[in-house]
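A.B. asks: 3D model of this:
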Amino acid sequence: MKPIIDHIQVTVKDLAVAEPFYDQLLSILGFDMNLKSRGRVEAHDFDVVEYVHSNLTIGINSPREVLKDEPIHRRKPGAVHHIAFKAESREQIDELYPKIKSVGANIVEPPQYYPQHGESYYALFFKDLEGIKYELVYEERDFE
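C.D. replies: Just a heads-up that it's a prediction; the model follows:
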């Protein structure tokens, strides 16, 4: 088996707030908005917006009503710490940086080298409107 992720579902606090942001962000990252879909999973009481790409599907889900006011914190047990998208080059990260800023992302760290993660590790760290952390990363690796 190849360890390839097929899809990721992220629970947001408010779909009405999150969806316009993710429409813009995921368009920048190569997702085709014509492939976007919406649905409801009645058995688990949530709505979902899915963004489909041939490499990965990302869904944003509504929270359970009793949990909607819980603060988002990436260090809670069971929480996703952050999601990193693999860039094709450092130049691509630099090119996407102002576009990501323009959609309202909270820039945590601008594009730069992060030698603590590897000699050639170049990344941009940002959060969505609700504080969910993302990364664009490029790293030269011998096994690619």
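A.B. asks: give me the number of residues near residue 78?
C.D. replies: Residues near residue 78, counting by other CB atoms under 10 Å, number 4. In short, each C-beta sits where N, CA and C put it, glycine included.
A.B. asks: Just the pLDDT for it.
C.D. replies: In this model, residue 78 is scored at 86, pLDDT.
A.B. asks: Relative to residue 116, how far out is it?
C.D. replies: 26 Å (CB to CB, to the nearest Å).
A.B. asks: domains for the chain, by residue range?
C.D. replies: 1-65, 74-144 (automatic domain parsing).
A.B. asks: Correct me if wrong: residue 17 contacts residue 132.
C.D. replies: No: assessed by CB atoms under 8 Å, residue 17 is found out of contact with residue 132, at 11.9 Å.
A.B. asks: quick one: which of those two has more around it?
C.D. replies: residue 132 (20 against 13).
A.B. asks: Report the buried residues of stretch 10-24.
C.D. replies: For stretch 10-24, a neighbour-count test (16 or more other CB atoms under 10 Å) marks 10, 11, 12, 13, 15, 18, 19, 21, 22, 24 as buried.
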